[in-house]
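# Sequence plus predicted model, see below.
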Amino acid sequence: MKIYLHEIKETDREVVANESEKWVADTVTSLDESTASVPGSPEALRPAGLKTKPVVRPTFVRFNLRRVDDVIVVSGDVDTTVQLLCSRCAAPFLLPINEHFTALYCKDKEMAGIAYLDKNANPRGQNKGYARHAHDEGGADGNEAADDLEITYIAEEYLDLPVVLAEQIQLRIPFQPLCKEDCKGICANCGADLNVGRCACAKIVKESPFAALKGFKTAPGKPKH
């Protein structure tokens, strides 16, 4: 769903959508991780027609858009779940996402800290690739100190809401997702899920690498004269 920049005014414009909107459902499911991406997984070995179909889960998104001078301020809420693979046991699980967000966009390269060449091929962009910051409206009562927000440069004449939604969800996904904080992972030897129970590896007596030498007899030494 595209919102053209000339349509965004200084007055608030609200966009509300849920999983019934195809662009919302497609955006969320595109961020899902699946066991099909793991080489040799059972799902990856299934015929194409038998692969697990993505499940459309309840999702609510709200965007509030307005213009402040040359900056487009996008704030809103997202409430959904994303399927991830646990970084310890590789089991799929659903991570709830329920966040409020604020993002800033503009078409001014210097304001956004984008390096570029002017018409005389001279390098421009005084911020050396770092965006200038603008404060959001603060906390719920408007008096709390707010975090600085970077301004994102947009080259198009429109704001792509699916891209904005995907970015905000991705920012909430941990670098090493866990199905639970105390996940025990898998056995490094046999690959068994240790959350289900202990594997039999601990009961197997490990054979010494010198076991092949057991019973080996050396030749008797020569008699001394």
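Received the coordinates, thanks. Numbering: from 1, shown residues only.

# Report how many residues lie close to residue 182.
8 (other C-beta atoms under 10 Å). (Glycine included, C-beta is placed from N, CA and C.)

# for it, what are its contacts?
The contact partners of residue 182, taken as C-beta atoms under 8 Å, 6 or more residues apart in numbering, number zero.

# what about it, which SS state?
At residue 182, secondary structure determined by DSSP: H, G, I helix; E, B strand; the rest coil is coil.

# Now do the same contact list for the closest residue to residue 18 other than its chain neighbours.
Closest residue to residue 18 apart from its sequence neighbours, by C-beta to C-beta, 6 or more residues apart in numbering: residue 60 at 5.3 Å. When contacts are counted by C-beta under 8 Å, 6+ apart, residue 60 touches 16-18, 77-80.

# May I have the phi/psi pair for residue 60?
Backbone geometry at residue 60, expressed as degrees, to the nearest 10, gives phi -130, psi 130.

# Need the per-residue pLDDT for it.
The per-residue pLDDT reported for residue 60 equals 95.

# for the chain, which spans come out with low pLDDT?
Within the chain, the stretches with pLDDT under 70 are 35-55, 109-149, 202-225.

# Would you map the helices across it?
For the chain, applying DSSP state H gives helices covering 22-30, 161-170.

# would you list those helices in JSON lines and tack on distance to residue 196?
Supplementary listing: the helices of the chain in JSON lines, determined by distance: least, C-beta to C-beta, whole Å:
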{"stretch": "helix 22-30", "distance to residue 196": "28"}
{"stretch": "helix 161-170", "distance to residue 196": "30"}
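
# Could you dump those into TSV and include mean neighbour count?
TSV is the format used below for these (neighbours: other C-beta atoms under 10 Å):
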stretch	mean neighbour count
helix 22-30	17
helix 161-170	18
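
# what's the closest of the ones you listed to residue 200?
helix 22-30 (38.3 Å; C-beta to C-beta).

# Can you give the contact residues for that closest one?
Taking C-beta under 8 Å, 6+ apart as the rule, helix 22-30 contacts 1, 17-19, 54-57, 59, 61, 80, 82, 161-162, 165-166, 169.

# For it, list the C-alpha coordinates in CSV.
Below are the C-alpha coordinates for helix 22-30, written out as CSV (Å, rounded to 0.1, in the frame of the first residue of the first chain):
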residue,chain,number,x,y,z
LYS,A,22,-3.4,-8.9,1.7
TRP,A,23,-0.5,-6.5,2.0
VAL,A,24,-0.6,-6.9,5.8
ALA,A,25,-0.8,-10.7,5.7
ASP,A,26,1.9,-10.9,3.1
THR,A,27,4.3,-8.6,5.0
VAL,A,28,4.0,-10.6,8.2
THR,A,29,4.4,-14.0,6.6
SER,A,30,7.4,-12.9,4.6
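
# quick one, it and helix 161-170 angle?
If you take axes from the mean of the first three to the mean of the last three C-alpha atoms, to 10 degrees, helix 22-30 sits at 30 degrees to helix 161-170.

# No further queries at this time; thank you.
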